[in-house]
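Asker: Please work out how this folds:
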Amino acid sequence: MVDPLNALIGGILILLVAAFILWPRKGLLARWIQSSKISQRVRIEDALKHLYDCEYRQLVCTRQSISGSLSISGDDAARLLSRLEDLGLLRSRGAGFVLTDEGRSYALRVIRVHRLWERYLADETGIDQTDWHREAEQHEHVLTVAEADALAARMGNPRFDPHGDPIPTRSGQLPHQQGVPITSFPEGGFAEIVHIEDEPSVVFAQIAALGLVPGMRVQVIATAPEMVRLNADGIECALHPLVASNITVQTVSPVVLPEGPVENLASLEPGEKGRVLGIAKACRGMQRRRLMDLGVVPGTEISVEMRSATGDPTAYLIRGASIALRKKQASHIQIERQEGKIR
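Answerer: Take a look at the predicted model:
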């Protein structure tokens with residue numbers, strides 16, 4: 001004979017489990033369905049971005065290119081393309097696929113959010129530039145059109161992201177992008193970097209490690225099949241052509257570049273001092289504003305007071321105040337060494 005109390009407890013447990021699984025909107029099944037829908041939408045939006053990128057670069061988008069770009073199987077890519085065609089977002093053309101007007105508009109909305117968020121990360125946060133793309137890829141599927149418009153207005157409706165990519169306007173218009181790959185730039189010529197491609201990430205990390213950023217002026221020393229050599233702020237940079245091809249430049253008037261590497265604040269020892277020449281262009285956003293708020297502007301004299309026991313951070317005397325800076329922060333401050341020791 002079944003114990004009534006045990007039966008009641010068993011029934012309550014079954015109801016609780018059923019509620020946990022089947023509860024509307026918050027149950028396990030509802031959350032799984034919602035997560036599945038989000039995953040499908042993310043995959044659709046990533047495919048549209050790839051289609052637009054192929055169109056922009058005048059390449060043919062194929063099932064194989066979708067498969068490689070989204071890291072999915074060929075069968076999944078075929079089903080995804082069929083789904084996009086059913087939604088009226090693409091159509092087949094010859095051996096490949098192209099966006100419809102509706103698909104292009106959708107793709108530009110996603111790209112707009114991505115590039116606005118990268119600009120926000122660069123200008124308003126201290127997040128490392130190698131992480132901008134990954135962070136933006138998460139937010140591009142979350143922000144609404146209204147939120148993107150508010151973000152753009154807050155930043156003054158920027159025309160380009162921190163890599164130099166044009167940001168689509170609300171109506172889908174793209175500013176014209178100029179320039180040529182630095183690999184095809186004439187030797188001895190002076191150029192300004194206008195765009196650095198941030199994919200693949202391993203290539204972008206190599207460029208970022210050299211301190212090369214949009215807006216920097218360089219001189220092309222040599223372009224050869226084996227190596228491209230540049231003078232950037234007095235530092236000779238050697239890049240493999242496959243890496244250098246991710247850098248776009250445009251011609252500028254000849255400029256006077258330093259004959260050797262510009263010293264930075266981190267190179268000074270305790271007791272030494274230097275005069276600020278400027279802050280490296282690679283230092284952006286919140287970090288740059290903080291340094292300027294501390295009085296790190298051209299002409300300011302900074303002396304090294306002492307280093308911590310671990311060697312980092314270091315205490316600097318800036319405009320009468322003792323300020324602790326990490327080595328990475330100090331390395332962005334370009335200085336001219338001053339003679340004599342501080343007392």
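Asker: And residue 137, how close does it get to residue 174?
Answerer: 20 Å (CB to CB, to the nearest Å). Just so you know, the C-beta spots here come from the backbone N, C-alpha and C atoms, and that holds for glycine as well.
Asker: I misspoke; the intended subject was residue 323.
Answerer: For residue 323 relative to residue 174 (CB to CB), the value is 43 Å.
Asker: Among those two, which residue is more densely surrounded?
Answerer: When residue 323 and residue 174 are compared for neighbours, residue 323 comes out ahead with 18 against 15, by other CB atoms under 10 Å.
Asker: how about low-confidence regions in the stretch 1-150 of the chain?
Answerer: 1-11, 14-38 (pLDDT under 70).
Asker: in it, which spans are strands?
Answerer: 90-93, 96-99 (DSSP state E, counting those that start in this stretch).
Asker: contacting residues around the last one?
Answerer: So the one you mean is strand 96-99. With contact meaning CB atoms under 8 Å, 6 or more residues apart in numbering, strand 96-99 is reached by 48, 51-52, 54-55, 60-62, 81, 84-85, 89-91, 107.
Asker: which of those are buried?
Answerer: By neighbour count, with 16 or more other CB atoms under 10 Å, these hold 48, 51, 52, 54, 55, 61, 81, 84, 89, 90, 107 as buried.
Asker: between the residues you listed, which is closest to residue 278?
Answerer: residue 52 (37.7 Å; CB to CB).
Asker: Identify the residue nearest that closest one in space, chain neighbours excluded?
Answerer: Leaving out its chain neighbours, the residue that sits closest to residue 52 by CB to CB, 6 or more residues apart in numbering is residue 107, at 4.0 Å.
Asker: Is it correct that residue 211 falls within a helix?
Answerer: No: counting by DSSP: H, G, I helix; E, B strand; the rest coil, residue 211 is located in no helix; its state is coil.
Asker: what about it, how many neighbours?
Answerer: 17.
Asker: re the thing from before, which member of the buried ones among the contacts of strand 96-99 is positioned nearest residue 202?
Answerer: Nearest to residue 202 among these is residue 54, at 21.8 Å by CB to CB.
Asker: need the contact list for the closest one.
Answerer: With CB under 8 Å, 6+ apart, residue 54 has these contacts: 60, 61, 65, 96.
Asker: and these, which of them are in helices?
Answerer: residue 65 (DSSP state H).
Asker: And the helices in this structure?
Answerer: Under DSSP H, the chain gives helices at 4-22, 28-56, 63-70, 74-86, 101-124, 132-139, 145-154, 201-209, 241-244, 285-293, 327-330.
Asker: for those helices, which one sits closest to residue 266?
Answerer: Smallest distance to residue 266 across the helices of the chain (CB to CB): 4.0 Å, for helix 327-330.
Asker: Now do the closest one: which elements does it pack against?
Answerer: strand 314-318 (3 or more CB pairs under 8 Å, 6 or more residues apart in numbering; DSSP states H and E).
Asker: same thing but at 10 Å, please
Answerer: helix 285-293, strand 301-307, strand 314-318 (3 or more CB pairs under 10 Å, 6 or more residues apart in numbering; DSSP states H and E).
Asker: hang on, the earlier thing: would you mind giving the helices of the chain as CSV with distance to residue 304 added?
Answerer: Shown next, in CSV, are the helices of the chain (distance: least, CB to CB, whole Å):
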stretch, distance to residue 304
helix 4-22, 61
helix 28-56, 48
helix 63-70, 49
helix 74-86, 57
helix 101-124, 30
helix 132-139, 32
helix 145-154, 38
helix 201-209, 25
helix 241-244, 35
helix 285-293, 16
helix 327-330, 9
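Asker: how many neighbours does residue 189 have?
Answerer: Residue 189, neighbours per other CB under 10 Å, totals 15.
Asker: Repeat that for residue 281.
Answerer: Quick note: residue 281 (other CB under 10 Å) scores 17 neighbours.
Asker: correct me, but it touches residue 215?
Answerer: Yes: Residue 281 lies in contact with residue 215 (CB atoms under 10 Å); the separation is 5.5 Å.
Asker: Tell me how far the most centrally placed residue in the chain lies from residue 213.
Answerer: In the chain, the residue lying closest to the centroid (CA atoms, centre = their mean) is residue 132, at 3.3 Å. As for residue 132, its distance to residue 213 is 12 Å (criterion: CB to CB).
Asker: what is in contact with these two at once?
Answerer: Residues touching both residue 132 and residue 213 (CB atoms under 10 Å, 6 or more residues apart in numbering) are 122, 162, 163.
Asker: could the residues you listed go into JSON lines alongside distance to residue 193 and neighbour count?
Answerer: Shown next, in JSON lines, are the shared contacts of residue 132 and residue 213 (distance: CB to CB, whole Å; neighbours: other CB atoms under 10 Å):
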{"residue": "122", "distance to residue 193": "15", "neighbour count": "19"}
{"residue": "162", "distance to residue 193": "12", "neighbour count": "22"}
{"residue": "163", "distance to residue 193": "10", "neighbour count": "23"}
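Asker: Turn those into CSV, columns for distance to residue 41.
Answerer: What follows is those, written out as CSV (distance: CB to CB, whole Å):
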residue, distance to residue 41
122, 27
162, 27
163, 25
